[in-house]
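Novice: next comes the sequence, and after it the predicted model I'd like to discuss.
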Amino acid sequence: MPGRNTLLLFATALLVFAGTIAIRAQGTGQAPTTDPSPTQEERTLAKGKELFAAAGCVNCHNASGDKPLKTGLPLNERGLSTDDIARAVNGRLKNKTEDERRAVTMYIASLMKS
């Protein structure tokens, strides 16, 4: 009955293998999904970036504010406070709504290097 013993050994090995896979599969479940929708802050920053580009600010500063200017440091290296940025934005974007100016201010502030 060597054939029967081989078959029994093969079946046992197959069950052990399948059990091991099942046990390991239980521990690899996907992490709970998070809501992929952007937060209010992310939407505001995206809107600010869009308005920054549309207003032509990227021509002098680049989208990341890292373009050196003839008058000094790049925008992102100036260490401007949020109040300083808001004053400049309010002066240059007078035709925009308060929310739009706030979005641009938040976007520029996000570019500042520490």
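Specialist: Done, it's in.
Novice: from now on I want contacts and neighbour counts done on CA atoms only, so please keep to that.
Specialist: Will do.
Novice: low-confidence regions, this structure specifically.
Specialist: 1-35 (pLDDT under 70).
Novice: let's see 80
Specialist: Of all residues in the chain, those with pLDDT under 80 make up the ranges 1-36, 114.
Novice: in this protein, which spans are helices?
Specialist: In chain order, the chain shows helices spanning 2-26, 40-54, 57-61, 82-92, 98-111, with DSSP state H as the criterion.
Novice: helices or strands next to the second one in the packing?
Specialist: The one in question is helix 40-54. When contacts are defined as 3 or more CA pairs under 8 Å, 6 or more residues apart in numbering; DSSP states H and E, helix 40-54 sits against helix 98-111.
Novice: pull out the buried positions in the helix it packs on.
Specialist: Within helix 98-111, the residues scored as buried using 16 or more other CA atoms under 10 Å are 100, 101, 102, 103, 104, 105, 106, 107, 108, 109, 111.
Novice: columns distance to residue 45 on top of those, output as CSV?
Specialist: Output for those, formatted as CSV (distance: CA to CA, whole Å):
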residue, distance to residue 45
100, 10
101, 11
102, 9
103, 6
104, 7
105, 9
106, 6
107, 5
108, 9
109, 10
111, 11
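Novice: now, which of those sits nearest residue 90?
Specialist: Comparing the buried residues of helix 98-111 against residue 90 with CA to CA places residue 101 closest, at 6.4 Å.
Novice: quick one: contacts for the closest one?
Specialist: Under the criterion of CA atoms under 8 Å, 6 or more residues apart in numbering, the contact partners of residue 101 comprise 48, 86, 89, 90, 93.
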